[in-house]
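Asks: Quick one, structure for this:
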Amino acid sequence: MRFPLHITTDMIKHQIREGLKGNKRYPFVLMLEPLYTCNLACLGCALERHTGRLEDRLSLEQCLRAVDESGAPAVSICGGEPTIYPELKELTEGIIARARHIYLCTNALLLDRTVYGKIEPHKRLTINVHLDGMKKTHDHVCARDGVFDKALEMIKEGKRLGYHVITNTTIFKETDIEEVEELCRLLQEHRVDGMLITPGYQYQSVQHDIFLTREDIHRKFKRVLELSKRYRLSSTPMFLEFAAGLREYPCSPWSTVTYTPMGWKGPCYLIGAKYFKTWEEFWHGVDWDYWESRQDPRCQNCKMHSGFEASAVRELRKSPRDMVRMAAWNLLG
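Replies: Here you go, the predicted structure:
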C-alpha cells in the first residue's frame, strides 16, 4: 500500500465519525509548530520560522492540548526545526499514546543526535525529510553547503534503523523538473516510503521572488503528473490533476489547522491574518465561507496540498470512478 493501512483506516473512520455528527468542517491534519527556532534560514521560508528564541517555544502541555482540541488524526510536527525542540521525545510519545499519526518534518541535520537512538521507530511515526533538489540546488535553497549530503545520509540511516521515511520537495519558479526526476530516481534507489512534491507557497513575510503563479504551477505539475506514473509520489492523482489545472476544487482551509508559539493561526497554514489564543476563538472566529471561496487576493496563486488534498478526498463521493482510481492508487502504489 502507498500509505500504511492504519493511516488509511484512521482517516476513513475519522471522516465517518465527523459525518455522523453532522459536521461539515473538521481538521484532517494539525500542523504543530512547537518552536520558531531553526538551524537553517532557507530562501523559501518565512522569517518567523528561523528567528525564534528557544525559550519562547510552546510547552509540552500546550502541544498536547492542541492535539486533543483539534481532534485531527494526523499531526505534522514542524517549526522551526522540530529536532531542536528539547521535549521532542515526550511529545512524540504523547501523540502516539493518543493514537495519532506523526509526520516529523525535518531538514535532517540533527536526526542522528536527537531522534535516532532516542525515539524508537513506530508505525505511527514518519520521518519527513526536506529535499528541494539535487546537491547544488538544495544547498543553495538552504543557504548552506553540505545539507543535501547530510539529508541523504540520514535517509539511508533511517531506513536501516526501521523508520518510515518520506521526503518533501517544493517546486519553485526556477525549479528544473528534469532535476526533480533525477531526485526521484535517487530516492527510489534508497527505498524511501514516499515522495511529496508540492507547489511553492508564498508566506507573507518571504520577500524572495521564487514563487509560482497559477500558470507556472499548471505547467510544471503537468510534468509532475507524468512523474507520478513512474515514482512513488504521495500526492493523490486527483490533487496532482488539480495542480496541473485539469480539475478544480474549493479550498478546505479548516482541514489543516496550525498551532504556533503565537497561538492558533487563521485562516490557514500560509496566511496568518490573525492569531487566536484559544481553539474556540479560532474555530468559530474564522470566516470559513470567505476563505473557502478563494476570493481573497492572497489565495489566487495558491494550490497547496494543505488546502486542497482534503477537498479532493471529500469530492470522491461524487465520482465512483475517482473512488476506484483512489483505491487502486493506494493499494497498488
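Asks: Now do the helix or strand of the chain with the lowest mean pLDDT: everything it contacts.
Replies: The weakest-scoring helix or strand in the chain, judged by mean pLDDT, DSSP states H and E, is helix 320-332 (a mean of 86). Residues outside helix 320-332 that contact it (CB atoms under 8 Å, 6 or more residues apart in numbering) are 1, 2, 3, 8, 236, 237, 238, 313, 315, 316, 317. (C-beta placed from N, C-alpha, C; glycine too.)
Asks: now swap in stretch 83-100 and tell me
Replies: With contacts defined as CB under 8 Å, 6+ apart, stretch 83-100 is touched by 10, 34-35, 37-39, 54, 57, 59-60, 63-64, 67-68, 72-75, 77, 79, 82, 102, 104, 106, 109-111, 113-115, 118-119, 122, 124-125.
Asks: Which ones among the residues you listed map onto strands?
Replies: 74, 75, 77, 102, 104, 106, 125 (DSSP state E).
Asks: out of the contacts of helix 320-332, which are buried?
Replies: Buried by 16 or more other CB atoms under 10 Å: 2, 3, 236, 237, 238, 313, 315, 316, out of the contacts of helix 320-332.
Asks: pretty sure the first one is touching residue 196, no?
Replies: When you say that, I think you mean residue 2. No: counting by CB atoms under 8 Å, residue 2 does not reach residue 196; the two are 11.6 Å apart.
Asks: anything in contact with each of those two?
Replies: Joint contacts of residue 2 and residue 196 (CB under 8 Å, 6+ apart) are residue 234.
Asks: Which parts of the chain are strands?
Replies: 29-32, 74-77, 101-106, 125-130, 164-171, 194-199, 256-260, 263-267, 272-276.
Asks: Of the ones you listed, which is nearest residue 149?
Replies: strand 125-130 (12.6 Å; CB to CB).
Asks: What mean pLDDT does that closest one get?
Replies: Regarding strand 125-130, the rounded mean pLDDT is 98.
Asks: pull the CA atoms of that strand into PDB?
Replies: Once non-C-alpha atoms are left out, strand 125-130 reads as follows in PDB (Å, rounded to 0.1, in the frame of the first residue of the first chain):
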ATOM      1  CA  LEU A 125       5.900   7.900  13.300                       C
ATOM      2  CA  THR A 126       7.000   9.000   9.800                       C
ATOM      3  CA  ILE A 127      10.300  11.000   9.300                       C
ATOM      4  CA  ASN A 128       9.600  13.600   6.600                       C
ATOM      5  CA  VAL A 129      12.900  15.000   5.200                       C
ATOM      6  CA  HIS A 130      13.000  18.200   3.300                       C
END
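Asks: Stretch 117-128: end-to-end distance?
Replies: 17 Å (CA to CA, to the nearest Å).
Asks: That should have said stretch 112-119, apologies.
Replies: One end of stretch 112-119 sits 11 Å from the other (CA to CA).
Asks: got it, and stretch 79-86?
Replies: End-to-end distance for stretch 79-86: 13 Å, by CA to CA.
Asks: any chance of the strands of the chain in a markdown table, plus distance to residue 50 and mean neighbour count?
Replies: Output for these, formatted as a markdown table (distance: least, CB to CB, whole Å; neighbours: other CB atoms under 10 Å):
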| stretch | distance to residue 50 | mean neighbour count |
| --- | --- | --- |
| strand 29-32 | 16 | 25 |
| strand 74-77 | 16 | 24 |
| strand 101-106 | 14 | 23 |
| strand 125-130 | 13 | 23 |
| strand 164-171 | 15 | 22 |
| strand 194-199 | 19 | 22 |
| strand 256-260 | 14 | 26 |
| strand 263-267 | 17 | 23 |
| strand 272-276 | 16 | 16 |
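Asks: Relative to residue 245, which of these is closest?
Replies: strand 194-199 (11.4 Å).
Asks: For the closest one, name the packing helices and strands.
Replies: Packing partners of strand 194-199 (3 or more CB pairs under 8 Å, 6 or more residues apart in numbering; DSSP states H and E): strand 164-171, helix 177-189, helix 214-227.
Asks: Would you mind finding the most buried of the ones you listed?
Replies: strand 164-171 (a mean of 22; mean count of other CB atoms under 10 Å).
Asks: Other residues contacting that strand?
Replies: 4, 44, 103, 105, 121, 123, 125-133, 155, 158-159, 177, 180, 183, 187, 192-201, 212, 217, 220-221, 224, 234.
Asks: List the pairing partners of it within its sheet, with orientation.
Replies: Counting by DSSP bridges, the strands paired with strand 164-171 are strand 125-130 (parallel), strand 194-199 (parallel).
Asks: Just give me the neighbour total for residue 147.
Replies: 24 (other CB atoms under 10 Å).
Asks: on that earlier part again, residue 258: which of the buried ones among the contacts of helix 320-332 is nearest?
Replies: residue 313 (19.2 Å).
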